[in-house]
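Chemist: Here is a sequence with its predicted model. Questions after.
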Amino acid sequence: MSEKKEKDEEKEYKLSDLPGIGPSSIAKLEAAGIYDLMGIAVMTPSDLSELAGIGEAVARKAIQASRKMMKLGFFDGLEFAKKREEVNFITTGSENLNSLLGGKGVETKAMTEAFGAYGSGKTQLGLQLSVNVQLPVEKGGANGKAVYIDTEGTFRPERIRQLADALGLNSEKVLKNIFVARAFNSDHQILLIDKIGEMIKNGEPIKLVVVDSLTAHFRAEFTGRGQLADRQQKLNRYLHTLMRLAEQYNLAVYVTNQVMANPAMMFGDPTTAVGGNIVGHASTYRLYLRRGKKDSRVAKMIDSPNLPENETIFYITANGLRDEA
Ligand code: GTP
Ligand code: MG
């Protein structure tokens with residue numbers, strides 16, 4: 001009896017073990033980049049229903065079953081601590097910015113969003129993280145590779161080389177460990193995310209996914225009156241997919257977002273990010289970046305559930321992000 005129980009605990013459950021999930025649903029889920037129970041466990045019934053082509057009640061049961069099989073929901077203190085231990089941090093290169101983010105930088109199993117105006121440093125932070133993620137854990141990295149989804153054609157290999165050299169890393173190796181994809185429209189951008197799960201399954205130790213910019217295509221494509229709801233819905237689903245990826249594979253997601261000038265705030269900071277609340281809610285950490293005095297950058301933590309709304313200063317130097325110019 002106890003031997004059987006042990007076997008049960010060791011068993012690796014598959015999608016096909018879930019009630020109501022047949023081969024055609026499995027094919028659809030895999031096409032959407034969902035290969036295992038964790039992918040199901042973190043979904044909402046309506047998302048699963050839509051993705052797998054099943055009813056919502058069936059979807060709810062499948063989600064419940066997956067959580068049970070994974071023993072999600074309840075953890076004893078030790079298990080909980082162990083889960084937290086899995087989280088890695090990726091240094092930004094600036095201790096100030098790291099502190100603002102809670103101490104050690106950008107976190108895995110979470111999404112960090114930077115929003116700000118042109119030239120505020122959103123892309124530079126993305127490039128820096130793509131290099132730093134490759135550092136060993138003791139040096140503020142996650143010993144992993146990066147995926148860089150570039151919607152604006154702003155990925156710069158020369159800059160990566162500079163950042164790598166500054167850390168004493170082999171710049172060719174560093175470049176090889178960043179998978180760059182140019183996303184040509186929002187659908188393409190969404191499809192690229194699905195590929196990431198596949199790459200991880202194939203053994204790529206991806207610990208960071210950068211989407212630069214998260215919103216540019218969405219903003220360009222949904223311009224008409226009355227299209228806002230469609231845009232938000234699509235963006236919302238995309239964000240959930242990203243969050244799921246972060247949770248499931250213990251990786252950090254970093255996205256950038258342009259600010260929209262708010263005509264009602266002519267003289268203040270135009271801090272209205274594209275996508276508004278939907279992006280705000282999905283991000284675990286939201287940084288507002290702007291240019292400060294003497295070529296500095298000011299970063300402000302915005303409505304994070306567990307961090308104060310502090311501000312700090314950093315610089316973009318030839319060597320990358322630093323506390324001093
Ligand atoms: P948009 O994408 O246009 O919205 O802006 P962004 O927020 O992504 O700005 P980005 O991160 O590209 O910041 C550009 C700024 O970074 C430049 O104005 C420079 O101040 C700085 N920068 C970029 N490359 C270098 C570099 O090689 N050396 C130094 N010292 N600074 C750089
Ligand atoms: Mg940029």
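Modeler: Looks like it arrived, so ask away. Since the structure is predicted, the reported quantities are computational estimates derived from the model, not experimental observations. Ligands and ions are numbered 1, 2, ... in the order given.
Chemist: Across the sheet, point out what pairs with the residue nearest the centre of the chain.
Modeler: Nearest to the geometric centre of the chain sits V253, at 1.9 Å (Cα atoms, centre = their mean). For V253, the beta-bridge partners are M111, V209 (DSSP bridges).
Chemist: how far away is it from ligand 2?
Modeler: V253 is 17 Å from ligand 2, where distance means Cβ to the ion, to the nearest Å. No exception for glycine: its C-beta is placed from N, CA and C like everyone else's.
Chemist: can I assume that residue is in contact with L242?
Modeler: Yes: using Cβ atoms under 8 Å, V253 makes contact with L242 at a distance of 5.0 Å.
Chemist: quick one: common contacting residues for the two?
Modeler: Common contact partners of V253 and L242 (Cβ atoms under 8 Å, 6 or more residues apart in numbering): 111, 209, 211.
Chemist: near ligand 1, anything from stretch 317-325?
Modeler: Yes: contact between stretch 317-325 and ligand 1 is present through 317-318 (criterion: Cβ under 6 Å from any ligand atom).
Chemist: quick one, what contacts the residue in the chain that ligand 2 sits nearest to?
Modeler: Ligand 2 sits closest to T123 of the chain, with a gap of 3.1 Å, by Cβ to the ion. For T123, the contacting residues are 154, 212, 256, by Cβ under 8 Å, 6+ apart.
Chemist: Would you list the phi and psi of the closest residue in space to L321 that isn't next to it in sequence?
Modeler: Of all residues not flanking L321 in the chain, G93 sits nearest, at 3.9 Å (Cβ to Cβ, 6 or more residues apart in numbering). Dihedral pair for G93: phi 100, psi -20, per degrees, to the nearest 10.
Chemist: and what of K145?
Modeler: When quoted as degrees, to the nearest 10, the phi and psi of K145 stand at phi -110, psi 170.
Chemist: for A117, same thing?
Modeler: Torsion angles at A117 (phi, psi; degrees, to the nearest 10) stand at phi -80, psi 180.
Chemist: related to what we said a few turns ago, which element is the residue of the chain closest to ligand 2 on?
Modeler: Under the criterion of DSSP states H and E, T123 resides in helix 122-132.
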